[in-house]
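Peer 1: Only the shape, not the letters, is given here:
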């Protein structure tokens, strides 16, 4: 009991809870388990899972420590409250007169008035200054003449009340946190037969054992409502799945409003909703904004973020093999389409590919100051404006910590237009994720480029294929060049044109040599030479580098590489002109703009060898349907926590800034005469306080002057 009720034990528990709370703040809670595997790896994800670090505030060890803290603090209150209340009622007027000589703050003086008159005067003076005063008349040893008067006064009793308020506040805050935490939901799962749902399908098809009652006293979940529809079931995320929370009302989203700054960053999120009561059929309109929630029947409705509500997208499939014909496909975000792709192997069954439409982002805000550094090429750095909290707390720690004189790097934020994300899933269930921008983006590299991103898993950043925009504002020239590169006849024709343009007609031998070198370069770049040799086709700049390493001595590689690249660029330019001529288009001028386009196209053609999909889906049109994401919460412990916080502030201020003081004045008749001079007395003043400060010395001097009347 002494251990549980000790202050040292309570402080130790509070320290452990603070450390656990830091973990729960830094590590995002109740995320899907796969997110933690991607972030920490299988081993540490399993270790952290065993320690319940993904649900710190509902972990058994956290609740156990919290329970011991509540017990310890409650015992402290129970043990000390009677003593404190008793101390508040007593004045300690029975103190011995001789004991006043042992106090640090003491003074003696002779007074020219009778003891009773002096005592009553001092009592009036102290009461006027806010002291609570009690007078005690003491008789002599034989019980005859009065021996003197003891004046006992006290002030600053709120200091002791602050102790009770602060400790009671800790108990209230802990209890309120338990009420609003995940404990009630876990208790229903432990005792009520509720289980986590980890499957798929429609919300209406989820069995009752995965649903919580409308009478659930406390919960906090997310509610996604598309425009023009209603929803009445919130989703409570658990580490291994979800639990559904039925609401006593349905939320209908009439209109979602989002306003942007000129840079494309969001300025306002708002939802015009109608709340439909299930029991009464009553409808109540409301508006929900960030930091301005709506409330209905004890349930708070917060604006959390917004998402896609099933937008219709039209995609143009651009084959990457340079042979197949383009085709169009359309679908809704959140749905999927089955595609059939013919294989090149004779007699093989067609390949089945599932196209999953995963997202449409109409606004993409990029920091163009980092564009030339290749930020967009190395990862998905776009700001997802659907999030209300646009900053990652982990990546933004450097902005909040460190020296006060630091400054952030300059940013140039710009909206680069819509993008669509999708997944291509093969028959084995393996999927790759793609993110393609609709319009070209100027990265300051000479020509605007189409950004087509992909990643193998959600743990990886997007890697982007940069395809330059042609004079018509499309990627048609790039695909013409790629198709021509895969055509042997077109390669030979382009080589002849290139040799004829670079060498005079009277030097057929040099033309033949240059043509052979150009054809070799094109075949290497197109991967045709490796295919003819029966090896795995490898093209692009990687094939050129492999050729130089195997065929050219190290001392001559730099000069030979420069010459080979000049020949390749010239041959590719003629190949593009030949392809445009076949398409009955005007030839491109040989100006700086064309040169910049060709430089970017050569890099894109080389990178295209590492693009694993058979085609690119370019967003051609869309019809946006927005959905609002609300956080709905019933938090009965909120008021308890607020009251606890108020008591904690009051208690701490009372303990820190209110000093408990006790004052005693012993007034006795002056020495001489029979029982002393009736018109003269001797006074002894003493002051005690629970905390010695400079103000104590100052106050004692003031009281000495007021009561004893001497400088």
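Peer 2: Nice, I can see it. Please read all numbers here as calculations on a predicted model, not as lab measurements.
Peer 1: list the buried ones in stretch 300-318?
Peer 2: 300-313, 315-318 (16 or more other CB atoms under 10 Å). The way it works is simple: take the backbone N, C-alpha and C, and place the C-beta from them, glycine included.
Peer 1: And stretch 42-58, by the same measure?
Peer 2: By neighbour count with 16+ other CB under 10 Å, stretch 42-58 contains the buried residues 45, 48-49, 52-58.
Peer 1: export the residues you listed to JSON lines and tack on distance to residue 466?
Peer 2: JSON lines is the format used below for those (distance: CB to CB, whole Å):
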{"residue": "45", "distance to residue 466": "34"}
{"residue": "48", "distance to residue 466": "38"}
{"residue": "49", "distance to residue 466": "40"}
{"residue": "52", "distance to residue 466": "45"}
{"residue": "53", "distance to residue 466": "40"}
{"residue": "54", "distance to residue 466": "38"}
{"residue": "55", "distance to residue 466": "42"}
{"residue": "56", "distance to residue 466": "43"}
{"residue": "57", "distance to residue 466": "45"}
{"residue": "58", "distance to residue 466": "46"}
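Peer 1: Can you tell me which of those residues is closest to residue 113?
Peer 2: The closest of those to residue 113 turns out to be residue 57 (CB to CB; 67.4 Å).
Peer 1: For that closest one, list the residues it contacts.
Peer 2: Residue 57 makes contacts with 24, 29, 177, 181-182, as judged by CB atoms under 8 Å, 6 or more residues apart in numbering.
Peer 1: Tell me which two of those sit farthest apart.
Peer 2: Farthest pair in the contacts of residue 57, by CB to CB: 29 and 177, 13.9 Å.
Peer 1: what is the mean pLDDT for stretch 460-476?
Peer 2: The average pLDDT for stretch 460-476 rounds to 89.
Peer 1: what does stretch 592-599 give?
Peer 2: The model assigns stretch 592-599 a mean pLDDT of 89.
Peer 1: re earlier: tell me which of the contacts of residue 57 is nearest to residue 463?
Peer 2: Closest to residue 463, out of all of these and judged by CB to CB, is residue 29, at 30.3 Å.
Peer 1: Helix, strand, or coil at the closest one?
Peer 2: Here residue 29 is recorded as coil under DSSP: H, G, I helix; E, B strand; the rest coil.
Peer 1: what's the neighbour count on it?
Peer 2: 16 (other CB atoms under 10 Å).
Peer 1: shouldn't it be in contact with residue 55?
Peer 2: Yes: at 6.1 Å, residue 29 counts as touching residue 55 under the criterion of CB atoms under 8 Å.
Peer 1: so residue 186 is in which element?
Peer 2: helix 183-191 (DSSP states H and E).
Peer 1: Please apply the same query to residue 268.
Peer 2: Following DSSP H and E, one finds residue 268 within strand 266-277.
Peer 1: Ok, residue 236 next?
Peer 2: Per DSSP H and E, residue 236 falls inside strand 230-238.
Peer 1: before we move on, the earlier item: quick one: average pLDDT of the strand holding residue 268?
Peer 2: 90.
Peer 1: Can you list the helices and strands that that strand packs against?
Peer 2: strand 241-260, strand 283-289, strand 294-296, strand 299-308, strand 626-634 (3 or more CB pairs under 8 Å, 6 or more residues apart in numbering; DSSP states H and E).
Peer 1: and it, which strands flank it?
Peer 2: Sheet pairing here is set by DSSP bridges, and for strand 266-277 it gives strand 241-260 (antiparallel), strand 283-289 (antiparallel).
Peer 1: Contacts only, for the nearest residue to residue 293 once chain neighbours are set aside.
Peer 2: Using CB to CB, 6 or more residues apart in numbering and skipping the chain neighbours, the partner closest in space to residue 293 is residue 302 (4.5 Å). Counting by CB under 8 Å, 6+ apart, residue 302 touches 288, 293, 630-633.
Peer 1: Which strands and helices lie in contact with the host helix or strand of residue 86?
Peer 2: Using DSSP H and E, residue 86 sits within helix 60-89. Here helix 60-89 touches helix 7-26, helix 158-180, going by 3+ CB pairs under 8 Å, 6+ apart.
Peer 1: Could you check how far the longest one is from the centre of its chain?
Peer 2: So that's helix 158-180. 30 Å (CA atoms, centre = their mean, to the nearest Å).
Peer 1: For that helix, which helices and strands make contact with it?
Peer 2: Partner elements for helix 158-180 (3+ CB pairs under 8 Å, 6+ apart): helix 60-89, helix 637-657.
Peer 1: any idea of the mean pLDDT for the helix holding residue 186?
Peer 2: Mean predicted lDDT for helix 183-191 stands at 80.
Peer 1: what's the answer for stretch 32-51, then?
Peer 2: 84.
Peer 1: could we number from 852 for the rest of this?
Peer 2: In the new count, where the first residue is 852, that last one comes out as stretch 883-902.
Peer 1: contacts for it?
Peer 2: With CB under 8 Å, 6+ apart, stretch 883-902 has contacts from 878-879, 905, 910, 1088, 1090-1091, 1308-1310.
Peer 1: tally of neighbours for residue 1473?
Peer 2: 18.
Peer 1: now do the one 10 residues further on
Peer 2: When neighbours are defined as other CB under 10 Å, residue 1483 has 26 of them.
Peer 1: Now do it against residue 1067, distance only.
Peer 2: 11 Å (CB to CB, to the nearest Å).
Peer 1: between those two, what contacts are shared?
Peer 2: residue 1096.
Peer 1: Point out where the stretch 952-1101 of the chain drops to low pLDDT.
Peer 2: Within the stretch 952-1101 of the chain, the segments meeting pLDDT under 70 span 991-997, 1090.
Peer 1: which element is residue 1071 on?
Peer 2: With DSSP H and E as criterion, residue 1071 is part of strand 1070-1077.
Peer 1: Which residues does that strand contact?
Peer 2: 1031, 1035-1036, 1063, 1082, 1084-1088, 1096, 1098, 1102-1104, 1124, 1152, 1155, 1158, 1160-1161, 1476-1486.
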